[in-house]
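A.B. asks: return atomic coordinates for the entry below.
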Amino acid sequence: MGENLFKLIRMKITLITGAGRGIGLSISEKFYSEDHNLILLVRSNNQKRGLEKKFDKKKVKIFVGDLANYSFIKKIAKKINFVHNIINNAGTRNDNHIHGVKKSDLDYLIDVNFKATFYLTQIFTKKMIKKKIKGSVVNLSSQLGHVGAYNRTVYCSSKFAVEGFTKAAALDLGKYGIRINTIAPTKTIVNKKELLFTKKRLAIIRNKIPLKKFTEKEDIAELCLFLTSSASKNITGSSIKIDGGWTAGK
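C.D. replies: Numbers count the residues shown, from 1 in each chain. A predicted model of the protein is given here:
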């Protein structure tokens, strides 16, 4: 997407969860390159140290914690006065058959994939309204927030919840000029080693994608940037599928 498309206001503040690796790291790099100040939430001190080497600490604040822990979310709320954009990227997965899902598995995945998205959106859109900021929220969903899959009962439940929440929140927040959307990718290559060591599995997945292409993490970062820019000023309550046509039909 060209530079002319993104006439972004300089020095906006963007909060990104799951920023320590993979998709979240790519999103962080993209927004940093566009002169955003960043609030990055990561899972470990090792991830924090890696980001400190990569980014200017004057422009980036990094917090380490578990988004399944509500006290960590409250800590962030107290320390950060406001943001212009929220990218709810953090997530986890569970590949168990429905009869193999434990209560602890269900609780943790819903806490991270859905509740954290809900709470952070609730907290920081209140701050946007108070500051009269017409901000943007982008929730990372999945094609499995639109269709089911074998051994994905918990994961699908969490992503369907994110999709429903996003649509309802768009109605609540629209009068304040705050937009909220989801991005729903297919299988995303976050580590090039996957292409070497899981060839058989990836071949099966690729054959289900009409375009025969996996999503790349940089594609998602570009789309996040678009959804926080003036180019998307009339897009809200939408889910943008970046799935190569997987959900278009059989």
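A.B. asks: list the contacts of residue 41.
C.D. replies: 15, 16, 17, 18, 19, 62, 63, 65, 67, 76, 90 (Cβ atoms under 8 Å, 6 or more residues apart in numbering). Using the backbone N, CA and C atoms, a C-beta is placed for each residue, glycine as well.
A.B. asks: quick one, helices of this structure?
C.D. replies: Applying DSSP state H to the chain gives helices spanning 22-33, 45-54, 70-79, 103-110, 116-131, 153-173, 194-197, 199-206, 217-227.
A.B. asks: burial measure for residue 71, as a count.
C.D. replies: Using other Cβ atoms under 10 Å, residue 71 has 8 other residues around it.
A.B. asks: among the helices and strands of the chain, which has the poorest mean pLDDT?
C.D. replies: helix 194-197 (a mean of 66; mean pLDDT, DSSP states H and E).
A.B. asks: can you get me the start-to-end distance on stretch 51-71?
C.D. replies: With Cα to Cα, to the nearest Å as the measure, stretch 51-71 spans 23 Å from end to end.
A.B. asks: could you do stretch 146-158 as well?
C.D. replies: Per Cα to Cα, stretch 146-158 runs 11 Å from first to last residue.
A.B. asks: now swap in stretch 142-155 and tell me
C.D. replies: Span of stretch 142-155 from end to end, Cα to Cα: 9 Å.
A.B. asks: I'd like the numbering to begin with 12 instead of 1 from here.
C.D. replies: Noted, 12 is the first residue going forward, which turns the last one into stretch 153-166.
A.B. asks: so which bits of it are buried?
C.D. replies: 153, 154, 155, 156, 157, 163, 164, 165, 166 (16 or more other Cβ atoms under 10 Å).
A.B. asks: now do the contacts for the fifth one.
C.D. replies: What that stands for is residue 157. 174, 195, 250, 252, 258.
A.B. asks: which intervals of the chain have sub-threshold pLDDT?
C.D. replies: The model of the chain has pLDDT under 70 over residues 12-22, 206-208, 261.
A.B. asks: in it, which residue is most central in space?
C.D. replies: The structure's the chain has its C-alpha centroid closest to residue 100; by Cα atoms, centre = their mean the separation is 2.3 Å.
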